[in-house]
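Q: Got a sequence here, can you build the structure:
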Amino acid sequence: MRPPAQYDGQVANEAEAEAEQPDPRMVAMMISTRMAGRAVIRVVGRCEEAQENQELDLSNCQLMQVPDAVYHLMRHTELKTCDLSENVITKIPPKFAIKFNLLTDLNLARNRMANLPDECAEMKNLERLDIAQNSFTSLPPCTLRMPKLRSLKASDNNIIDVEIEYLSEAPALESIDLERNPLAPRIHDQLSRITKVNVTLSPRQTEDWEDLTI
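A: Numbering: from 1, shown residues only. Here you go, the predicted structure:
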């Protein structure tokens with residue numbers, strides 16, 4: 001039995017409406033591409049600004065790494081400061097320390113890094129380094145060998161261990177912020193007794209076995 005003509009028209013209209021609806025995956029891809037395009041434009045624009053003032057600000061640019069284009073655009077610029085905070089960077093390559101070895105101020109806060117390359121120790125002009133709010137489980141050894149580093153911010157990581165001896169022998173270090181790290185009790189106690197460097201710590205959490213009221 002043939003359905004009514006009105007029903008045929010309704011089915012056709014519904015099919016046409018479904019055909020006109022965009023594929024959600026395609027929409028997501030278009031949005032992602034558009035956002036990536038804006039991020040690239042932002043990076044290029046900030047590199048051009050840095051060519052004028054020697055201060056590179058690539059904060060909040062959705063970066064997973066430092067793009068190779070940045071090294072190319074900055075090849076004739078003697079950068080003094082670099083801000084890479086608020087991205088999703090997981091690592092800094094050795095060539096970063098080599099290409100930008102004149103930096104005096106480097107901000108790597110609020111990323112996803114767990115280590116720094118040994119080559120960073122060769123950043124002979126670096127005075128201030130911020131690695132707060134990352135995923136470090138120990139203090140990167142290179143930070144304690146930087147010849148001019150005076151201020152190191154490493155709060156809000158997962159740092160358990162610190163090489164106390166190396167910290168005490170850091171060439172120019174004046175202050176280090178280790179607040180809100182799960183430091184081992186022994187390390188926390190040793191850090192609290194250091195006088196050569198101003199060490200900022202959160203109050204040590206009492207271990208269960210130390211609570212004599214239990």
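Q: could you pull out the helices for this structure?
A: Along the chain, counting by DSSP state H, helices occupy 5-20, 24-53, 68-73, 94-99, 164-168, 185-192.
Q: Out of those, which gets the lowest mean score?
A: Lowest mean pLDDT of these: helix 5-20, a mean of 54.
Q: Report the contact partners of the residue nearest the centre of the chain.
A: For the chain, residue 111 is the residue whose C-alpha lies nearest the centre (CA atoms, centre = their mean; 2.4 Å). Residues in contact with residue 111 (CB atoms under 8 Å, 6 or more residues apart in numbering) are 84-90, 133-134. For every residue, glycine as well, the C-beta is placed using N, CA and C.
Q: need these in TSV with pLDDT, distance to residue 194 and neighbour count, can you?
A: Listed next are the contacts of residue 111 as TSV, based on pLDDT from 0 to 100; distance: CB to CB, whole Å; neighbours: other CB atoms under 10 Å:
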residue	pLDDT	distance to residue 194	neighbour count
84	98	29	26
85	98	27	20
86	97	31	17
87	97	32	23
88	97	34	12
89	97	30	20
90	97	31	14
133	98	23	19
134	98	23	22
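Q: still on that earlier bit, give me the nearest residue to the residue nearest to the centre of the chain, chain neighbours excluded.
A: Nearest residue to residue 111, sequence neighbours excluded (CB to CB, 6 or more residues apart in numbering): residue 89, at 4.3 Å.
Q: Likewise for residue 63?
A: Spatially, and ignoring its direct neighbours in sequence, residue 63 is nearest to residue 87 (4.1 Å; CB to CB, 6+ apart).
Q: which residues sit in contact with the one you found?
A: Contacts of residue 87 (CB under 8 Å, 6+ apart): 58-64, 110-111.
Q: In PDB, please show the C-alpha coordinates belonging to stretch 97-116.
A: As requested, the backbone C-alpha atoms of stretch 97-116 are provided in PDB (Å, rounded to 0.1, in the frame of the first residue of the first chain):
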ATOM      1  CA  ALA A  97      69.600  27.300  25.500                       C
ATOM      2  CA  ILE A  98      72.200  27.600  22.700                       C
ATOM      3  CA  LYS A  99      70.200  30.000  20.500                       C
ATOM      4  CA  PHE A 100      69.000  32.200  23.400                       C
ATOM      5  CA  ASN A 101      72.000  32.200  25.700                       C
ATOM      6  CA  LEU A 102      71.900  36.000  26.300                       C
ATOM      7  CA  LEU A 103      68.600  35.800  28.200                       C
ATOM      8  CA  THR A 104      68.500  37.400  31.600                       C
ATOM      9  CA  ASP A 105      64.900  36.400  32.400                       C
ATOM     10  CA  LEU A 106      63.100  33.200  31.500                       C
ATOM     11  CA  ASN A 107      59.500  32.400  32.500                       C
ATOM     12  CA  LEU A 108      58.400  28.700  31.900                       C
ATOM     13  CA  ALA A 109      55.700  28.700  34.500                       C
ATOM     14  CA  ARG A 110      52.300  26.900  34.100                       C
ATOM     15  CA  ASN A 111      53.400  24.300  31.500                       C
ATOM     16  CA  ARG A 112      53.800  20.500  31.600                       C
ATOM     17  CA  MET A 113      57.600  20.200  31.800                       C
ATOM     18  CA  ALA A 114      59.300  17.500  33.900                       C
ATOM     19  CA  ASN A 115      63.000  18.300  33.100                       C
ATOM     20  CA  LEU A 116      65.300  20.800  31.500                       C
END
